[in-house]
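S.K.: Any chance you could fold what I've pasted below:
(2 chains)
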Amino acid sequence: MENLLVAENIYKRFGGYTALNNVSITIPKGSVFGLLGPNGAGKTTFIRIINQITMPDEGKVYLDGKPLHPEDIRHIGYLPEERGLYKSMKVGEQAMYLARLKGLSKAEAKERLKYWFKKLDITDWWDKKIQELSKGMAQKVQFVITVLHDPKLLIFDEPFSGFDPVNASIIKREILELKEKGATILFSTHRMESVEELCDYMALINKSNKLLDGKVSEIKKEYKSNTFEVGLESENETALLAELQEKFKVGKAQFKSINDDLKVSIQLQPHENPNDLIQYLLNRAKINHFVEVIPSVNDIFIKTVTHNA
Amino acid sequence: MRSLKLIIQREYLARVRNKTFIIMTFLSPIILVGMFALIAYLSMLNSSEQHIIGFHDETGLFLKEFQDDENLQYLDFSAKSLDEAKKIVRENEYYGLIHIPDADNNYDLTGKVQFFGEESPGLGTVQNIEKIISNKLQRNELIERGIDVAQIDSAKTSVDVQIQNFSGETTSKMANYLRMFFGGAAGYLLMMFIIIYGNMVMRSVIEEKTNRIIEIIVSSVRPIQLMLGKVIGTSLAGITQFTVWVILGGILYTLAGLYFGVDLMNAQPGQVEVEQLNIPEVNQLVTDVLNLPIFSLIVYFLIYFLGGYFLYSAIYASIGAAVDSETDTQQFMLPVILPLMLGIYVGFFAVIENPHGTISTIFSMIPLTSPIVMLMRIPFGVPWWEISLSILILLCTNTAVVWLAAKIYRVGILMYGKKASYKEIYKWLKY
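M.R.: Model prediction:
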C-alpha cells in the first residue's frame, strides 16, 4: 500500500525542551490514522510540523512521495483542537475568506460552500455572525471550512469535543464518507474509544517519544495475552473452579450474561490452542460464553505508557 | 501574494466597516473644531470678567495712573485708613487692595508695595500693576533728575522686523507661527495615528489569538504574511481616514475662501494678492497660509506616517502576539510610548526654538522619533538630502524591525497561557 505521508526522524526542540524526539510516522493512503498520546506528549507539535506552521529542527516530511512544499497546504485540511472564528464576521463571509486563503477561486468557494452548507443543513446561517451561534454550531462551520478544498490529507485534532451526540455522529458519518471518497485521515486524540471505532492505524506518542505504531489489528494481536472469558453452568461450581485453578491461570471476569454462570478468565500458554480448552470444558460444564479477550487501545496505551515510564 | 492581497482586503474592510471608525472619521474634525472654539470661547469668557481692585495710595502719586480698562476697575480708598479700606474690600468681595505706603524717594518704594486679596491674583494682573507703578516711578525719577520726559516720549520708536529669505520672499512673523502650528499639528496627528492604528493592529492580533482562529489561518498562510497583511490593511484604513480629513479640510478651505471673497483654489502660492480686503492682518494671514508648503506637507505626512506606522505597528503586532489578553500589554507599552512622547517633546521644545539646531537634526534622524520631529521641521524648510537620509534610515530600520517582530509574532501567536516576559521573548527570537 502506498503511503501518503511519511515523517522521518523528526526532532523539535524549544529552547532546552525537546518536544519531539526522533519521531517517525508513516500514514498509508486512504487510511484512518490515530495519533494517540496524553496531553503535552507532542501531538500538536507534530501536526503543526505537517501543516508547516513550525519547522522541524531535524528530519524530513514527505507528502505523496515528495518533500513537503509550502504549496502542499492546499492538499491538507486541518481542524485544530483550539479552534475559533472571527466573532464579528458573518459566517458566509469568513467561510469564503478562509476558503480562498486555501487557494479556491471565488466562484469555486461559493459553490462548494453552498453544497456543504446544504448538506449539513446550515444554509440559513450564512448571514449570521459567529457570536450569534452556539459552540457546536460554530464547530460545524469549522468542519466545513476544513474539508472544503477537498484535501488529500485531513487532520482532525480532537474533532468531537464540543459536539453533542447528534452532531458528533453527523460529523463521524461525514468523515467516513470522505474516507470512502479517498481522503486520508489523521486523528489526534487522547480519547481512546474513538480510535477503537474509526482507526485502521495508530501511533502512540508519550513524552516526546513514539512508543509504538502500526496497524491497529496487528498491535492488538501483539498485545493479546491468549486469554479467554468463559461463562460456565455447572452443578458444582466450587469444585469446577478449584479444578480449573489447578490446571490453568484463572482470573475473575466481568461480563453481562442472562445466566447465573461461573464467570472466569483463563489465560493459556502461548503455544496452547483455545480448541483444547473448549474440549476440556465441554465434558465438565455447559459453556454459555466463550470470548477471546482483545486488549482495548486504552489497555495498550496504559500498559505501554507505564511500561516505558 | 494572492493570500496577502486577501488578508489586506479583509483587514481593511474589518477596520473600515467598524462603526467606531466611521463615526470617528466624520466626527473627529467636528470635535476638533468644536474643541478649539470652546477653548477660545472659555479664554474669552475668562478675560472678559471684570475685577474691581481698590487702592490705598499714601504717596498720592498714582491717582491718575490706575486707569480702568476692560479687565480691571480701580477704586480709590486713599482717603480712608488702610484698615478701613481692607474691610471695605473684603466686605464687598472685591478682587484685592493695592497698598502704596508713603516713601522718602522713588527707590524707597520698590519693595514696599503690597497687594491684599482673598486669593492670590493672576500673574497678568500683578505684572500690570507692577508696570504701572514702576513706569510712574521711573518717570518721576527722570523728572527729578531734570530730564525732559516729553523728549524721551517723542524719541520712542516701534520696530517691526521684516523677515525675508534669501530668494527675496517676504514672510511675516505670523508665518513662523503658522509653520509652528502646521508642523506641530502634523507631528501630533502623526503620533496619534501611530498610537491609534498601532493599537488596532495589536488588538486584532490579540483577537485572533484569543479567538483561536489563528491556527486555522496559519495552516493556510505563513505567519509573516498574516502580520504584513494586517499591518498593511490597517495602514490603508489610516490613509482612508486621512484622505477623508484632507477632503473635508479642502471643502472647509474653499468655504473660507468664498467667505473672504477670494478664489483660493486658483491662486498660485507666493503670488496671492488679496486686494479686496482692507484688513492687512487677514490679508497677510491668508497669503501666509497659501505660501506654506501644504501639498508637500501632506505628501511627507503620508510618507512618514507609513514609515513610522510600519515601525511601530510591527512592534505592536509582536506585543499582541506575546500576550494572552489586552490587560497583559501594559508592561510592554512603555518602550513604545516613550520614544513617541520624546519625539513630541523634542518637537515642541527644540524644533520650535531652533528648527535646524543639533538636537532637532539628530532627533529627525533617529528612526523612532524621526517621523514626528522631521514632520515638525519640514514647514521651516529642510534640505532635501536631510529628508532623504532620514527616510532611508527609517526604511532600513523598518526592514530590520519587521523581521524581528515577525519572529516574535510567529512564535507568540501559538503560545497560550505562557506569561510572556522580555526574557521569554528574547528566547523566541532564537527558535
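S.K.: tell me the SS of A:Leu277?
M.R.: Recorded secondary structure, A:Leu277: helix (DSSP: H, G, I helix; E, B strand; the rest coil).
S.K.: same check, this time on A:Pro38
M.R.: Assigned by three-state DSSP, the conformation of A:Pro38 is coil.
S.K.: same check, this time on B:Arg410
M.R.: Per three-state DSSP, the secondary structure class of B:Arg410 is helix.
S.K.: Setting aside sequence-adjacent positions, which residue approaches it most closely?
M.R.: Distances taken as CB to CB, 6 or more residues apart in numbering or on different chains put B:Pro223 closest to B:Arg410, at 4.3 Å, once the chain neighbours are dropped. From N, CA and C alone the C-beta is placed, and that goes for glycine too.
S.K.: Please apply the same query to A:Gly103.
M.R.: Spatial nearest neighbour of A:Gly103, excluding adjacent residues (CB to CB, 6+ apart): A:Arg74 at 4.6 Å.
S.K.: what's near enough to touch the one you found?
M.R.: A:102-103, A:149, A:151 (CB atoms under 8 Å, 6 or more residues apart in numbering or on different chains).
S.K.: and if we set it to 10 Å?
M.R.: Contact partners of A:Arg74, counting by CB atoms under 10 Å, 6 or more residues apart in numbering or on different chains, are A:102-104, A:149-152, B:220.
S.K.: follow-up on the earlier one: burial measure for the residue nearest to B:Arg410, as a count.
M.R.: B:Pro223 sits with 21 neighbouring residues when counted by other CB atoms under 10 Å in any protein chain shown.
S.K.: my guess is it meets B:Lys209, correct?
M.R.: No. Taking CB atoms under 10 Å as the definition, B:Pro223 is not a contact partner of B:Lys209, at 11.6 Å.
S.K.: what sits in contact with each of these two?
M.R.: Taking CB under 10 Å, 6+ apart as the contact definition, B:Pro223 and B:Lys209 share the neighbouring residues B:321, B:412-414.
S.K.: Which among these count as buried?
M.R.: Restricting those to buried positions leaves B:321, B:412-414, with burial counted as 16 or more other CB atoms under 10 Å in any protein chain shown.
S.K.: Format these as TSV; extra columns: pLDDT, distance to A:Lys303 and secondary structure.
M.R.: TSV is the format used below for these (pLDDT from 0 to 100; distance: CB to CB, whole Å; DSSP: H, G, I helix; E, B strand; the rest coil):
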residue	pLDDT	distance to A:Lys303	secondary structure
B:Ala321	89	41	helix
B:Gly412	87	39	helix
B:Ile413	86	38	coil
B:Leu414	82	33	coil
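S.K.: Is any residue of stretch A:167-174 near chain B?
M.R.: No. Between stretch A:167-174 and chain B, judged by CB under 10 Å from any CB of the partner chain, nothing touches; the nearest distance is 16.5 Å.
S.K.: circling back to that earlier point, the residue nearest to A:Gly103 and A:Gly30: what is the separation?
M.R.: In this structure, A:Arg74 lies at 19 Å from A:Gly30, with CB to CB, to the nearest Å as the measure.
S.K.: From the buried ones among the shared contacts of B:Pro223 and B:Lys209, list the ones also adjacent to chain A.
M.R.: Contacts with chain A within those, as defined by CB under 10 Å from any CB: B:413-414.
S.K.: wait, which of the buried ones among the shared contacts of B:Pro223 and B:Lys209 is closest to chain A?
M.R.: Checking these against chain A by CB to the nearest CB gives B:Leu414 as the nearest, at 6.9 Å.
S.K.: Report the contact partners of that closest one.
M.R.: Neighbour list for B:Leu414: A:44-45, A:48, A:53-54, A:80, A:82, B:209, B:214-215, B:218, B:223, B:321 [criterion: CB under 10 Å, 6+ apart].
S.K.: circling back to that earlier point, would you agree the residue nearest to A:Gly103 falls within a helix?
M.R.: Yes. Read with three-state DSSP, A:Arg74 is one of the residues of a helix.
S.K.: For the stretch 51-200 of chain A, which residues are neighbours of chain B?
M.R.: Applying CB under 10 Å from any CB, one finds that the stretch 51-200 of chain A approaches chain B through A:51-55, A:57, A:70, A:73-74, A:76-89, A:93-94, A:96-103, A:130, A:142, A:145-146, A:149, A:155, A:157.
S.K.: Is A:Val250 in contact with A:Leu277, as I believe?
M.R.: No. Counting by CB under 10 Å, A:Val250 stays clear of A:Leu277, with 11.5 Å between them.
S.K.: These two: who's more crowded?
M.R.: Each of A:Val250 and A:Leu277 has its neighbours counted (other CB under 10 Å); A:Leu277 has more, 20 against 17.
S.K.: hmm, back to that, with respect to A:Thr304, which of the shared contacts of B:Pro223 and B:Lys209 is nearest?
M.R.: Relative to A:Thr304, the closest of those is B:Leu414; by CB to CB it sits at 28.7 Å.
S.K.: can you list the weak-confidence ranges in chain A?
M.R.: A:1, A:309 (pLDDT under 70).
S.K.: 50 - rerun?
M.R.: Judged by pLDDT under 50, chain A has no weakly predicted residues.
S.K.: Mind naming the longest helix for it?
M.R.: Scanning chain A for the longest helix, with DSSP state H as the assignment, gives helix A:165-180.
S.K.: which parts of that one are buried?
M.R.: Neighbour-count burial for helix A:165-180, with 16+ other CB under 10 Å as criterion, is recorded at A:167-168, A:170-172, A:174-175, A:178-179.
S.K.: and the residue of the stretch 101-250 of chain A found nearest chain B, what does it touch?
M.R.: The stretch 101-250 of chain A approaches chain B most closely through A:Leu101 (4.2 Å), counting by CB to the nearest CB. Remark: with contacts taken as CB under 10 Å, 6+ apart, A:Leu101 is in contact with A:73, A:109, A:145, A:149, B:2-3, B:6-7, B:10, B:216-217, B:219-221, B:225-226.
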